[in-house]
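Predicted model follows, preceded by the sequence.
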Amino acid sequence: DTGVSQDPRHKITKRGQNVTFRCDPISEHNRLYWYRQTLGQGPEFLTYFQNEAQLEKSRLLSDRFSAERPKGSFSTLEIQRTEQGDSAMYLCASSLTRPGSLGRAYEQYFGPGTRLTVT
Amino acid sequence: AQSVSQHNHHVILSEAASLELGCNYSYGGTVNLFWYVQYPGQHLQLLLKYFSGDPLVKGIKGFEAEFIKSKFSFNLRKPSVQWSDTAEYFCAVNLNDYKLSFGAGTTVTVRA
């Protein structure tokens, strides 16, 4: 059973540069989520996709952030003009969820994350 | 605003001691509740979950949690911890059908 994978695992960039992260969800999962985690905090929701449609974006997701899931499989998260405040762990999760479904459908499986350091 | 509170930031205990981690949420509707664990150097893993039914749920590795609706709580317990339980523990609430709201986490250090 292949879990959620993320690439790269670590990224160091200079302020002002653009970065892109990739997430590959569990293959049959239709939903894909992005979260951000800073030191001493729990993950915070950024956005999610149902298949290829981006259905919700948090206010945390400024206009410098963009996420895509073009074919409903892998997803990319791009940060333009990075700032030091963007330094965090970026987590991807996936689930098999049908609207109106109960319980088990809400289990989200997380990847190892991409740790971004902006210098 | 909805929130999830974890009462302890860092817990240190000896092997074989009992563990209880508090979690409260502020939301009046139907919720799905989770505890996730992150072992050192590893990714978040689901420890246990509550959706409905018996409010006492059992998870992996001897953990259990009790949902008390009247107290908006979902506390995690383990009767006897092991050194390998050293990890960070996160309580999470699913308030709608997509977003998980997490607490700030509790770091548990078990001394051999």
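On my side now, so go ahead.

contacts, neighbours, all on C-alpha from now
OK.

State the distance from B:Ala112 to B:Pro55.
32 Å (Cα to Cα, to the nearest Å).

These two: which is more packed in?
B:Pro55 (14 against 10; other Cα atoms under 10 Å in any protein chain shown).

Report the secondary structure element holding the nearest residue to the more buried one once chain neighbours are set aside.
Of all residues not flanking B:Pro55 in the chain, B:Phe67 sits nearest, at 4.9 Å (Cα to Cα, 6 or more residues apart in numbering or on different chains). Assigned by DSSP states H and E, B:Phe67 falls within strand B:64-68.

which parts of the next helix or strand after that strand are buried?
Next along the chain after strand B:64-68, taking DSSP H and E as the criterion, comes strand B:73-78. By 16 or more other Cα atoms under 10 Å in any protein chain shown, the buried positions in strand B:73-78 come out as B:Ser73, B:Phe74, B:Asn75, B:Leu76, B:Arg77, B:Lys78.

ok, and what's touching strand B:73-78?
B:18-25, B:33, B:35, B:62-68 (Cα atoms under 8 Å, 6 or more residues apart in numbering or on different chains).

rerun at 7 Å
For strand B:73-78, the external contacting residues (Cα atoms under 7 Å, 6 or more residues apart in numbering or on different chains) are B:18-25, B:62-68.

the strands in chain B, which residues?
Along chain B, counting by DSSP state E, strands occupy B:4-6, B:10-14, B:19-21, B:23-25, B:32-38, B:45-50, B:56-58, B:64-68, B:73-78, B:87-94, B:100-102, B:106-111.

Just list what the longest one packs against, helices and strands only.
When contacts are defined as 3 or more Cα pairs under 7 Å, 6 or more residues apart in numbering or on different chains; DSSP states H and E, strand B:87-94 packs onto strand B:32-38, strand B:100-102, strand B:106-111.
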